[in-house]
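Enquirer: Test case, fold it:
(3 chains)
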Amino acid sequence: MKIIVCIKQVPDSASIEVDPEKGTLKRTGHNSKTNPYDLFALEAALRIREKAGGIVTALTMGPKQAEEMMRDAYMMGVDEAVILSDPKFAGSDVLATSYTLFQGIRSLGGADLIICGKQTTDGDTAQIGPAIAEHLGIPHVAWVNSIEDISGEAITVLQKTGSCIQQSQMKYPCLITVEKDIFVPRLPSYKLGLATAKRSVRFLSCDALPDKNMSCFGLIGSPTAVERMFPPEVSDVREYIHGTPAEKSDRMFELLKKRKLI
Amino acid sequence: MNFIHFDEAKCNLCRECINKCPFQALTMGEKGIEANDACRMCSLCIRTCPREAIYFEQKAGTVDKSQWKDILVYAEQENGHIHPVVFELIGEARRLSQNIGYDVHAVIVGAQGTSANAQKLTDYGVKKVYIYEHKEFEAFKADSFAAAVTDCIAMLRPSVVLLGATSLGRSLAPRLSTRFHTGLTADCTKLMMRENSDLVQIRPAFGGNVMAQILITDSRPQFATVRYKVMDAAKPVPGFSGEVVRMKVTDDLTASRIKVCSVKPLEKKKQIEEEEALVVAGRGVKDEKGLKLLRELAESLGGQLCFTRPMVEAGYGDTAHQIGLSGRTVKPKLIITCGVSGSIQFASCMKNSECIVAIDVNPDALIFNIAHYCIVDDLYEIVPRFLERIRAQKEEL
Amino acid sequence: MPYPYHQINEKDIKYFKTVVPSRRMVCREDIKEEYFHDEMPEYGVYVPDLFIEAVSKEEVSAIMRYSYENNIPVTARGAGTGLAGGATCKYGGIMLSLMKMNRILEIDNENLTITVEPGALLSEVADAAKSAGLFYPPDPGERTASIGGTVITNAGGMRAVRYGVTRDYVRAIEAVLPDGEIVNFSSNVVKNTTGYALKDLVIGSEGTLCILTKVTLRLIPAPKFTWSIVVPYDEIETCIETVPKLLQMSFIPTAIEFLETELLDIIERHLNKSFPHRSANAYLIVMFDAVSREEIEKMTNEAAKVCIEAGAQDALICNSDERSASVWSVRAAVLEGMKADSIAQEECDVVVPRPRIADFVKAAKNIGKKYGIRIMTVGHAGDGNIHTEMLRDKHLSEKQWKSNTKACLKELYALSKELGGQLSGEHGIGNGRLEFLEDFIGDRMYRLFQSVKLAFDEKNILNPGKLITFEKTIKEDVLNDR
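Expert: Next up is the predicted model:
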């Protein structure tokens, strides 16, 4: 069984602010880490491998520094790590990123199962997984809460859809995105770190991908453009509600309704 | 329609795609295979081509925006009902369409009962509701639902497609936007329409620390998923009645590689840390009657009833539902504290909640220092009427 | 000994109303139940006669002066998060809350200190230090404790391995003596050989010597990186035997905790929280602080090597906030898990020399077995402070449970003493461990304790009946007289 896990390196800090003059992001601290949601995807892949055998490949699109994240992935137990790295990929939005990853998967000869985290902590879009599935023309189930069964031909998963829980089965090849309560991700192992210290991380540039049509990658291949960034409004309401008890409860109802809390 | 492209260098004119196309949209032209207007973007040809010579593409700067108009709303169904976010999407779509002269349409995909739901939408100012009704659409399957909605979009050519940022919407939308090789903005909290039909999409990023304003200027349609409980829901438009259009559901639309084994109502109780709405009972709750009242309030808000420490010690609740000192720390969207004085230990474990409503008889209660809405009164006077109004509202829907 | 105490009457209340406004004063019948006990109601539930919230040292002074003259017992109280039954009115009288004195007065960046009133929460003090780019290391786990309470009980916590306990961070104390006089113990200086170190005596005195009204605390530069490793073992013995080896490394770890797998089962079962590794029988969790990435990586590697050489299966690395949280949130849930898994709990908070931890843990299990009590050992392996939790299962009757735990505790304390340990590592004596103290420290030392108490509080009106008593001595004196 061939499993590819798509992961991303994100800044190791939630304290990100907008530079009010330039409208660009100010990142405090220069450390990065694996997107925390992707750890659940890695864990799911490793558990599936433990049960069904096969190899797990971690795949990312990112700069050279992503190698550090891949070392961490090796310490969790993945078999192979591939970084799609090229200055031409810069400025990619969801479409271009998912296209690049799709190209990466193609050049790795495809996979039986592709696993993504539910979203990243920097973009929060939760769109890359389904978009990759669409590029590949394979089915997907998003927000998977648990893996019910895994066989040589198919995977059976549970996913929460609003007020229901749905059990679905897909034959390979297919893609899932996993929720954060699926498993507790294992921690990177010191021993595995020693064992994989010499294992190489593969870098693939644009030239190595099957599609060389540059209009699909990077900024050019990205239909969405961020026009500006700005800090969120902070509302600091403090309101005493006066009147008769009936008036008070009505006012409370109206206020909460207006804020769509009820 | 100029989305399907053929790589002439790769294509060996094997005609496999022409034979497989369910819409007879592919023909052999002078320079090779060509796609005509019958194309429904089903992507079967791409999957079929043995030489991987076919791909979708919408080249930047080449789109003729005038060819794309109106707003299409995806009408999600949940448990056989229209998801309430749909009415918010319609309300927002109507507001956006006003200045630019667009119409608002909806597309609905589902099994038996879908027509009846579709009919309901026509009162809300939706010009046309396109129905894809088939028993195969009973449960959500990302691939076949995408095929159905794609069929509608390819036919209608809307400028904007709005979906709820629900788990279903956020699973479906990226497949659609990818298929049309266009942009999608996730989880929008604010939308504006420019004169040139560019949709200004605003969404929180980086865990809400930053707002991003996003545009899709060179391709159409513009896809956005919109956060639930942010936009104003549409109200029925008196005298207006939209049209229901039943769409042909071909086997290609229902074909899915996802087999749904079962759909069950969610039973697992959430931990209080995961709830979006909480009601807290404090010492101001004197008896079982008050407790019952608050429990009903919590249920009607879709959340759970929690307790302060003295209430747990008095045996009214368990530690798994205790907020504060040696209990849990919570930050729901809404927390209503009833008869809670608000000790520092309690406050420190819930003060990051998005909206805090405090009801307590004591005007000096510490809770009023951190509450957003303060009601100095007896909870027994306030809660029953409040609960009644919430219930009345529910019945309206 | 002026005992029995004066019972508060209308006249007294009338006086106190001239000191504090009546909205900050509550009489007996209206006092909230939460003030009857601390976090351990098992160690005593007592009703105060009068509850007063003070806002200034002058108020505290006036209240004390009157109480001293009229022989009224006073118990000062912070957030009430103690675990020894300390902040309760054992003999009635006044419960004096200092929670309204909660200002953070000053952060001195030049002297690296913070000066606060006693009612500020530990979390507020830690956050204030953090926002000034500094660090207040003591962390006894309960972050909603009042800072005054942590000082007056000398709170410990797991970071003691590297940073020490609260006492190591107190520079100066302003306090009110039982007769109402306001005094200062030491000042904001680094060294001090000016006579008796009474400041250090006051720290950990559990409110029996004076009432703290202001404290100046030492801060240190904040570490930039905090990582942990989780170390799985096949055997609990090998696990604990690693601890002294970790203490011989080229640096001192911030914390070393140990966990038995049985506890992880309990937490998973009751609280639905899973640990990131489940196949071992015992775990060490080791935490490090450093200022650079290179340094923290070096520390991690050295510690991992030591553990593996000592027989660990592996060393698993928490190098991000989420990974640390996945481990430490489970460690923090231990108490709640044990509460959910038993119908009553009793706790022993002994501390032993670090090389003797393994001996204590092994023997403690056997003692528990002897009395049919389930014993769980958790805690601060790095400083020898073993929280030995006794859990009551259904088969024990209330009476059996009471007598068995008492017998069990006696043996555990004797064991600790034999191993060169102490009765309490960080929770204190209060009311809960009162009956075991004299035996443990011996007669001569006990009389010294009593003398100290009387030197400060000869009328025994400050938190009477806690930490030490005079009852037994009185009884003996009476016997001798006969």
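Enquirer: Helix, strand, or coil at residue 63?
Expert: Looking at chain A here, since you left the chain open. coil (DSSP: H, G, I helix; E, B strand; the rest coil).
Enquirer: hmm, I had chain B in mind actually
Expert: Applying three-state DSSP: residue B:63 is coil.
Enquirer: and it, how many residues sit next to it?
Expert: Neighbour count for residue B:63, taken as other C-beta atoms under 10 Å in any protein chain shown: 19. For the C-beta atoms, the positions are set from N, CA and C on the backbone; glycine is no exception.
Enquirer: again, but for residue B:251
Expert: Residue B:251 has 9 nearby residues by other C-beta under 10 Å.
Enquirer: Grab the nearest non-local neighbour of it.
Expert: residue B:22 (7.9 Å; C-beta to C-beta, 6 or more residues apart in numbering or on different chains).
Enquirer: is it true that the one you found touches residue B:41?
Expert: No: judged on C-beta atoms under 8 Å, residue B:22 makes no contact with residue B:41 at a distance of 11.6 Å.
Enquirer: Of the two, which one has the most company?
Expert: Between residue B:22 and residue B:41, residue B:41 has the larger neighbour count (other C-beta under 10 Å), namely 24 against 15.
Enquirer: looking at it, the more buried one is touching residue B:152, isn't it?
Expert: No: the pair residue B:41 / residue B:152 is not scored as a contact, 10.4 Å apart, by C-beta under 8 Å.
Enquirer: And the residue nearest to residue B:251, how close does it get to residue B:108?
Expert: Distance of residue B:22 to residue B:108, given as C-beta to C-beta, to the nearest Å: 22 Å.
Enquirer: pLDDT value on residue 118, please?
Expert: All of this refers to chain A. On pLDDT, residue A:118 comes in at 93.
Enquirer: that's the wrong chain, I meant chain B
Expert: For residue B:118, pLDDT reads 94.
Enquirer: how far out from the middle of the chain is the helix or strand encompassing it?
Expert: Using DSSP states H and E, residue B:118 sits in helix B:114-121. Taking C-alpha atoms, centre = their mean, to the nearest Å, one finds the center of helix B:114-121 at 18 Å from the center of the full chain.
Enquirer: what's the answer for stretch C:458-468, then?
Expert: 19 Å.
Enquirer: same deal with stretch C:253-267?
Expert: 19 Å.
Enquirer: again, but for stretch C:277-297
Expert: Using C-alpha atoms, centre = their mean, the offset of stretch C:277-297 from its chain centre is 25 Å.
Enquirer: so, in contact with chain A or not, that stretch?
Expert: Yes: where contact is defined by C-beta under 8 Å from any C-beta of the partner chain, part of stretch C:277-297 touches chain A, namely C:277, C:293.
Enquirer: okay, how far is it across that stretch, tip to tip?
Expert: 21 Å (C-alpha to C-alpha, to the nearest Å).
Enquirer: What residues sit buried inside it?
Expert: C:277, C:280, C:282-290, C:295-297 (16 or more other C-beta atoms under 10 Å in any protein chain shown).
Enquirer: now stretch C:364-374
Expert: C:364-365, C:367-368, C:371, C:373-374.
Enquirer: center of chain C - which residue?
Expert: residue C:427 (3.4 Å; C-alpha atoms, centre = their mean).
Enquirer: pLDDT score for it?
Expert: So residue C:427 comes in at 95 (pLDDT).
Enquirer: Quickly note the distance from it to chain B.
Expert: 14 Å (C-beta to the nearest C-beta, to the nearest Å).
Enquirer: Tell me how far that residue lies from chain A.
Expert: Distance from residue C:427 to chain A, by C-beta to the nearest C-beta: 31 Å.
Enquirer: List the residues that contact that residue.
Expert: Residues in contact with residue C:427 (C-beta atoms under 8 Å, 6 or more residues apart in numbering or on different chains) are C:82-84, C:153, C:347, C:349, C:433.
Enquirer: Turn those into JSON lines, including secondary structure, distance to chain A and neighbour count.
Expert: Shown next, in JSON lines, are the contacts of residue C:427 (DSSP: H, G, I helix; E, B strand; the rest coil; distance: C-beta to the nearest C-beta, whole Å; neighbours: other C-beta atoms under 10 Å in any protein chain shown):
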{"residue": "C:82", "secondary structure": "coil", "distance to chain A": "33", "neighbour count": "31"}
{"residue": "C:83", "secondary structure": "coil", "distance to chain A": "30", "neighbour count": "23"}
{"residue": "C:84", "secondary structure": "coil", "distance to chain A": "35", "neighbour count": "27"}
{"residue": "C:153", "secondary structure": "coil", "distance to chain A": "34", "neighbour count": "28"}
{"residue": "C:347", "secondary structure": "strand", "distance to chain A": "28", "neighbour count": "20"}
{"residue": "C:349", "secondary structure": "coil", "distance to chain A": "30", "neighbour count": "24"}
{"residue": "C:433", "secondary structure": "coil", "distance to chain A": "37", "neighbour count": "22"}
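Enquirer: can you tell me which of the buried residues of stretch C:364-374 lies nearest to residue C:266?
Expert: Nearest to residue C:266 among the buried residues of stretch C:364-374 is residue C:374, at 10.4 Å by C-beta to C-beta.
Enquirer: tell me which residues form a beta bridge with that closest one?
Expert: residue C:391 (DSSP bridges).
Enquirer: ok, it - contacts?
Expert: Taking C-beta under 8 Å, 6+ apart, one finds C:342, C:368, C:390-391, C:393 in contact with residue C:374.
Enquirer: go on, residue B:76?
Expert: B:82-83, B:85-86, B:163-164, B:166, B:168-169.
Enquirer: go on, residue A:76?
Expert: A:39, A:42-43, A:46, A:185-189, A:192.
Enquirer: Pretty sure the residue nearest to residue B:251 sits in a helix.
Expert: No: judged by three-state DSSP, residue B:22 forms no part of a helix; its state is coil.
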